[in-house]
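Participant: fold the following.
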Amino acid sequence: MIVAGEASGDIYGAGLVRAVQATDPAFSFFGIGGPRMREAGCETLVDSADMAVVGLVEVLKHFDVIAAAFLKLKKILLETPPDLLVLIDYPGFNLRLAKIAKRAGVKVLYYISPQIWAWRQGRVKKIKRLVDHMAVILPFEAPFYEQAGVPVSFVGHPMADLVTVSLPRDQAAVSFGLDPFRQTVGLFPGSRRSEVSRLLPTILGAAGLLKQHFPSIQFVLPLASTLTDADLAPWLDQCDLPITITRDRIHDLMRACDAVISVSGTVTLEVALVGTPLVIIYKLSPLTFQLAKRLVKVEHIGLCNIVAGETVAKELIQDDASPEQIAAEISHLLSDDLYNGAIRTQLSHVRERLGGGGADQRMADLVVSMAVQP
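Facilitator: Now for the predicted structure:
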């Protein structure tokens, strides 16, 4: 059984499923995932698009769907237990499921750690009780778990293998129907419907301001696998901007951009690995934000900044994530070559911190060894 509750987890889960089945074709997977995991051969009983929400208020709105998914998997764990439960991030749901697995005598492999080093560090005690092995993707996470007595492996970050660019900037632009002689800004509103509804209007507001300052500018918006055109329609239908919507070849698309407006998440690391300057934005409901301010213990929210250990991409959070401030930072990136070049140099160091490739195969070896152990 494998559980990936969000778009990034769907990507990592698909790579893991393929690597395991290449190692031993006798393995089969089922659980929660998205289109990439289905394409890799995983039977998805629940679609991750229905699970991808963040924040207390947002989770409460989707409680019925999330609870039904939990009960479905709980029943299987107790009645027809699998050989192994693989959990990918998504801690609020997955740690509860790990408790059921323990009761059922099912071994638990947790892939991609909850960010307990950032907030609620006391959860490591629960993880020690419920998880048989942690597989972490950031180098500083392994010592954290070792000190707590949790069996852990640093497998490397799968993005080190996944982020590949096949075309130079101009050719990439042409391949998406963009004019390579015009400046291009990527609009990355996230993979969750709740993120889109909260952040896309702000992003489009910033794009409108940029259009006033750079009349020939063009925009491109990649649609996450967890979203449909209908999820964007309420805002794009009212928008009079030159926006190209795409679905595939996300890393070539990032290369085609001169700058990117991105919500916080795994995508910021992908943009950084491609080397395109970006501004990171995020907003939560007021209640969730006030809770987060009291609990979070890290200086940065952007994954590329966390990995780098410094601010390589400006972060605009909550009230600071206004169309005016976003447009000002993108304008700076587009018009100041020295500033742009300095950001690109800092971004080039991010890959070095992620270790070599091969995360999928190291994870596959862990899955096989744990599943076959008595």
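Participant: run a quick neighbour tally on residue 132.
Facilitator: Number of residues near residue 132 (other C-beta atoms under 10 Å) recorded here: 18. For every residue, glycine as well, the C-beta is placed using N, CA and C.
Participant: which residues in the stretch 101-250 of the chain form strands?
Facilitator: Ranges of strands in the stretch 101-250 of the chain, per DSSP state E, counting those that start in this stretch, are 108-111, 133-136, 152-154, 184-188, 218-222, 243-246.
Participant: would you reformat the ones you listed as TSV and include mean neighbour count and distance to residue 29?
Facilitator: Shown next, in TSV, are the strands of the stretch 101-250 of the chain (neighbours: other C-beta atoms under 10 Å; distance: least, C-beta to C-beta, whole Å):
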stretch	mean neighbour count	distance to residue 29
strand 108-111	26	12
strand 133-136	24	16
strand 152-154	19	20
strand 184-188	25	29
strand 218-222	22	27
strand 243-246	16	29
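Participant: how about low-confidence regions in the stretch 101-250 of the chain?
Facilitator: For the stretch 101-250 of the chain, the stretches flagged by pLDDT under 70 are 117-120.
Participant: where along it do the helices fall?
Facilitator: 123-130, 141-147, 159-162, 169-175, 193-213, 229-236, 250-256 (DSSP state H, counting those that start in this stretch).
Participant: so which elements touch the last one?
Facilitator: Under the contact criterion of 3 or more C-beta pairs under 8 Å, 6 or more residues apart in numbering; DSSP states H and E, helix 250-256 touches helix 169-175, strand 184-188, strand 218-222, helix 266-274.
Participant: what's the end-to-end length of stretch 303-320?
Facilitator: Start and end residues of stretch 303-320 are separated by 19 Å (C-alpha to C-alpha, to the nearest Å).
Participant: contacting residues for the residue nearest the centre of the chain?
Facilitator: Central residue of the chain (C-alpha atoms, centre = their mean): residue 266, 3.3 Å from the mean position. The contact partners of residue 266, by C-beta atoms under 8 Å, 6 or more residues apart in numbering, come to 8, 159, 303.
Participant: by neighbour count, which of the residues you listed wins?
Facilitator: residue 8 leads the contacts of residue 266 on contacts (other C-beta under 10 Å) with 27 neighbours.
Participant: what sits closest to that residue if chain neighbours are left out?
Facilitator: residue 266 (4.0 Å; C-beta to C-beta, 6 or more residues apart in numbering).
Participant: distance of the one you found from residue 70?
Facilitator: 24 Å (C-beta to C-beta, to the nearest Å).
Participant: residue 154 now?
Facilitator: Distance from residue 154 to residue 70, counting by C-beta to C-beta: 30 Å.
Participant: got it, and residue 276?
Facilitator: Counting by C-beta to C-beta, the gap from residue 276 to residue 70 is 38 Å.
Participant: more neighbours: which of these two?
Facilitator: Ranked by neighbour count (other C-beta under 10 Å), residue 276 and residue 70 place residue 276 first, with 27 against 19.
Participant: that one and residue 224, how far apart?
Facilitator: Following C-beta to C-beta, the distance that separates residue 276 from residue 224 is 18 Å.
Participant: same check on residue 244?
Facilitator: 16 Å.
Participant: same deal with residue 133?
Facilitator: As judged by C-beta to C-beta, residue 133 and residue 224 stand 29 Å apart.
Participant: please apply the same query to residue 37.
Facilitator: Residue 37 sits 14 Å away from residue 224, going by C-beta to C-beta.
Participant: for residue 72, give me its contacts.
Facilitator: Contacts of residue 72 by C-beta under 8 Å, 6+ apart are 45-46.
Participant: going by secondary structure, it is in what exactly?
Facilitator: helix 63-79 (DSSP states H and E).
Participant: mind listing what's buried in that helix?
Facilitator: 66, 69-70, 73-74, 76-77 (16 or more other C-beta atoms under 10 Å).
Participant: out of those, the closest to residue 323 would be?
Facilitator: residue 66 (32.3 Å; C-beta to C-beta).
Participant: surely that closest one meets residue 96?
Facilitator: No - with contact defined as C-beta atoms under 8 Å, residue 66 and residue 96 do not form a contacting pair (10.2 Å).
Participant: ok now the host helix or strand of residue 346, how far from the chain's centre?
Facilitator: Secondary structure from DSSP H and E places residue 346 in helix 337-347. Here helix 337-347 is found 24 Å from its chain centre; the criterion is C-alpha atoms, centre = their mean, to the nearest Å.
Participant: and that helix, average pLDDT?
Facilitator: Taken as a whole, helix 337-347 carries a mean pLDDT of 94.
Participant: what's it packed up against?
Facilitator: Packed next to helix 337-347, using 3+ C-beta pairs under 8 Å, 6+ apart, are helix 323-335.
Participant: got the CA coordinates for the helix it packs on in CSV?
Facilitator: Output in CSV follows, covering the C-alpha atoms of helix 323-335 (Å, rounded to 0.1, in the frame of the first residue of the first chain):
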residue,chain,number,x,y,z
PRO,A,323,0.3,42.2,-6.6
GLU,A,324,2.4,45.3,-6.1
GLN,A,325,5.2,43.7,-4.2
ILE,A,326,5.3,40.6,-6.5
ALA,A,327,5.3,42.8,-9.6
ALA,A,328,8.1,44.9,-8.1
GLU,A,329,10.4,41.9,-7.5
ILE,A,330,9.7,40.4,-11.0
SER,A,331,10.4,43.9,-12.5
HIS,A,332,13.7,43.9,-10.7
LEU,A,333,14.6,40.5,-12.1
LEU,A,334,13.6,41.4,-15.6
SER,A,335,15.3,44.8,-15.8
